[in-house]
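Engineer: Fold the stuff below for me.
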Amino acid sequence: MDSYFKHHVFFCCNQRPAPDQSCAALGANELQAYAKQRINALGLNGKGSIRINKAGCLGRCDEGPVLVVYPEGVWYRFVDESDIDEIISEHLQNGRPVERLKL
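Structural biologist: Residues are numbered from 1 along each chain as shown. Down below sits the predicted model:
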């Protein structure tokens, strides 16, 4: 059976109370929205292509902010829009995981 999406990307958007670190406190919500906007602008969204989703806790907030790309199961740490652009360009469009951002 083929996957509905070529890539399914989950951003941890968990919010923990201070002083615990959480992906949401490190900008994950804003960067998830940016990624979704970029994928839409590039015409890469929808069936057979790419889906960008928010997720609750993915269990790795101490390494965050984090996202995971399926079906490969590749985990990334990111800090800004340029990291998201690189993940989109290299991994999602060209099939080359971004080694410098991998967890």
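
Engineer: can you map out the helices along this protein?
Structural biologist: Taking DSSP state H, the helices of the chain run over residues 28-41, 81-86.

Engineer: Could you pull up the residues touching the spatially most central residue of the chain?
Structural biologist: By CA atoms, centre = their mean, the chain has its centre lying nearest to residue 67, at 3.8 Å. When contacts are counted by CB atoms under 8 Å, 6 or more residues apart in numbering, residue 67 touches 9, 10, 11, 12, 28, 32, 35, 75, 76, 78, 87. (Glycine included, C-beta is placed from N, CA and C.)

Engineer: which residues does it form a beta bridge with?
Structural biologist: Listed by DSSP bridges, the beta-bridge partners for residue 67 are residue 11, residue 76.

Engineer: So, low pLDDT: which residues of this structure?
Structural biologist: Low-confidence segments of the chain (pLDDT under 70): 1.

Engineer: Going along the chain, name the strands of it.
Structural biologist: 7-12, 50-55, 66-70, 74-77 (DSSP state E).

Engineer: a markdown table for those, including distance to residue 43?
Structural biologist: Formatted as a markdown table, these follow (distance: least, CB to CB, whole Å):
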| stretch | distance to residue 43 |
| --- | --- |
| strand 7-12 | 14 |
| strand 50-55 | 10 |
| strand 66-70 | 19 |
| strand 74-77 | 23 |
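
Engineer: looking at the ones you listed, which is closest to residue 18?
Structural biologist: strand 7-12 (17.1 Å; CB to CB).

Engineer: Give the buried residues for the closest one.
Structural biologist: By 16 or more other CB atoms under 10 Å, the buried positions in strand 7-12 come out as 7, 9, 10, 11, 12.

Engineer: ok, so of those, who is nearest residue 41?
Structural biologist: residue 9 (15.4 Å).

Engineer: Please look at that closest one and residue 35 and confirm they touch.
Structural biologist: Yes: contact criterion CB atoms under 8 Å: residue 9 and residue 35 qualify, at 6.9 Å.

Engineer: okay, and the common contacts of the two?
Structural biologist: 52, 67.

Engineer: hmm, back to that, deepest of the helices of the chain, which one?
Structural biologist: Ranked by mean neighbour count, the helices of the chain are led by helix 28-41 with a mean of 18 (mean count of other CB atoms under 10 Å).

Engineer: Please consider this matter closed, and thank you.
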